[in-house]
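In: Sequence and computational prediction follow.
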Amino acid sequence: MSWSHPWASAPATAIVRSLIGLMPVTPGFRTWKVKPQPGNLTHFSSRSPALPGFFQIDVVQAPASFALTIGAPANTHGTVCVPQLGSASTTIIVDGKPAVGYAASDYICIDGVAGSQTPHVITRSA
């Protein structure tokens, strides 16, 4: 197998796990983690299948702001991590309300994001 052949699926999983940052924490994606690593991309959108359903993840970033919208399957929950953007504060905005996360390397993470029909919007500003 090589990544340069159309029948190789390795690039698809590399994009989901590395760029989008979607990973299962427990078998079957009942719990999951999203930690995007968009580099210098200004935006991307992904619809990724998993055993319990689809994950819709949209990212928009600028030098001083980062927004992640996530729609996750019902009956699942997970951790979402967004870049620190150089700020020492661990406050992020979840669905329009301030929430205190925790620092994890160059990211601020929040646990207990529930899967639902309504996507969650998580933002961070420098």
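Out: Structure's in. What do you need?
In: ok, now which ones touch the closest residue to residue 93 other than its chain neighbours?
Out: Excluding its sequence neighbours, the residue lying closest to residue 93 (CB to CB, 6 or more residues apart in numbering) is residue 123, at 4.5 Å. Glycine gets a C-beta too; all of them are placed from N, C-alpha and C. Contacts here follow CB atoms under 8 Å, 6 or more residues apart in numbering; on that basis residue 123 touches 65, 66, 67, 68, 82, 92, 93.
In: who wins for most neighbours among these?
Out: The most neighbours of any of the contacts of residue 123, using other CB atoms under 10 Å, belong to residue 68, which has 25 neighbours.
In: sorry, back to before: which single one of the contacts of residue 123 is nearest to residue 107?
Out: Sorting those by how near they are to residue 107, with CB to CB, puts residue 82 at the top with 6.4 Å.
In: List the contacts of that closest one.
Out: By CB under 8 Å, 6+ apart, the neighbours of residue 82 are 36, 66, 68, 92, 107, 108, 109, 122, 123, 124.
In: can I assume residue 68 sits in a strand?
Out: Yes - checked against DSSP: H, G, I helix; E, B strand; the rest coil, residue 68 lies within a strand.
In: Return the distance of it relative to residue 93.
Out: 11 Å (CB to CB, to the nearest Å).
In: and the helix or strand hosting the residue nearest to residue 93, which strands flank it?
Out: Using DSSP states H and E, residue 123 sits within strand 120-125. Sheet pairing of strand 120-125 (DSSP bridges) gives strand 65-71 (antiparallel), strand 91-94 (antiparallel).
In: Identify the residues contacting the shortest one?
Out: Surrounding strand 91-94, the residues in contact under the criterion CB under 8 Å, 6+ apart are 82, 98-101, 108, 110, 113, 120-124.
In: try 10 Å
Out: Defining contact as CB atoms under 10 Å, 6 or more residues apart in numbering, one finds that strand 91-94 is touched by 66-68, 80-82, 84, 98-101, 108-110, 112-113, 120-125.
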